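Colleague: this is a predicted model, with the sequence first.
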Amino acid sequence: MILIATSDYLFQIDCIRNQITAFESSDDTQKQYQDLTVTPFGDFILADYFHIEKISDSIHKRELINSPISMDMITFNCWTENKLLLSCQELGVVDSKIELEFDATSDELTIVSRKYNY
C-alpha cells in the first residue's frame, strides 16, 4: 500500500493490483494535508496544519498522535533511526518555533526545543 496526499485528496493505492483502494476528499474531512512520511516499520505519518495521525492498514483506520502543545504549521524534517524530527508553531503564538520528536516505537511526541521571537 502507498498513500498519496494532495491539498484536496488522500489516495490509498494497492501497488500489486495498481488500483486506488480508498480515497477521501478535503471537502468531506475539512483537512488539508501538509506532510506525509513513512516510519521504519511501514506505518504512515500524516499531518494537516494542526494534527498528526498514524495510518497502519487503511486510511479509514487512524490513530491521532497526542501532542504536548497545540500545533500549527507542522513540517516533517528528518528521520534518525526510529525518531522523526518535526517543527511547528505553537497555535496562537506568533513567531514561535517548536521542535518536536516523534518516536515511532512508542508513538510518543515530545518537545525538543522552544523558541519565541518577541
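Modeller: Now that the structure is in, tell me what you want to look at.
Colleague: drop to CA atoms for contacts and neighbour counts, all remaining ones
Modeller: OK.
Colleague: residues in contact with the spatially closest residue to residue 66 that is not a sequence neighbour?
Modeller: Here the nearest residue to residue 66 in space, its sequence neighbours aside, is residue 109; by C-alpha to C-alpha, 6 or more residues apart in numbering that works out to 6.9 Å. Listed by C-alpha atoms under 8 Å, 6 or more residues apart in numbering, the contact set of residue 109 reads 65, 66, 67, 68, 100, 101, 102, 103.
Colleague: now these as TSV including distance to residue 45?
Modeller: Written out in TSV, the entries for the contacts of residue 109 read as follows (distance: C-alpha to C-alpha, whole Å):
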residue	distance to residue 45
65	9
66	13
67	14
68	17
100	14
101	13
102	10
103	11
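Colleague: filter these down to the buried ones, PyMOL style.
Modeller: Restricted to the buried members of the contacts of residue 109, where burial is judged by 16 or more other C-alpha atoms under 10 Å, the PyMOL selection command reads as follows:
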select buried, resi 65+100+101+102+103
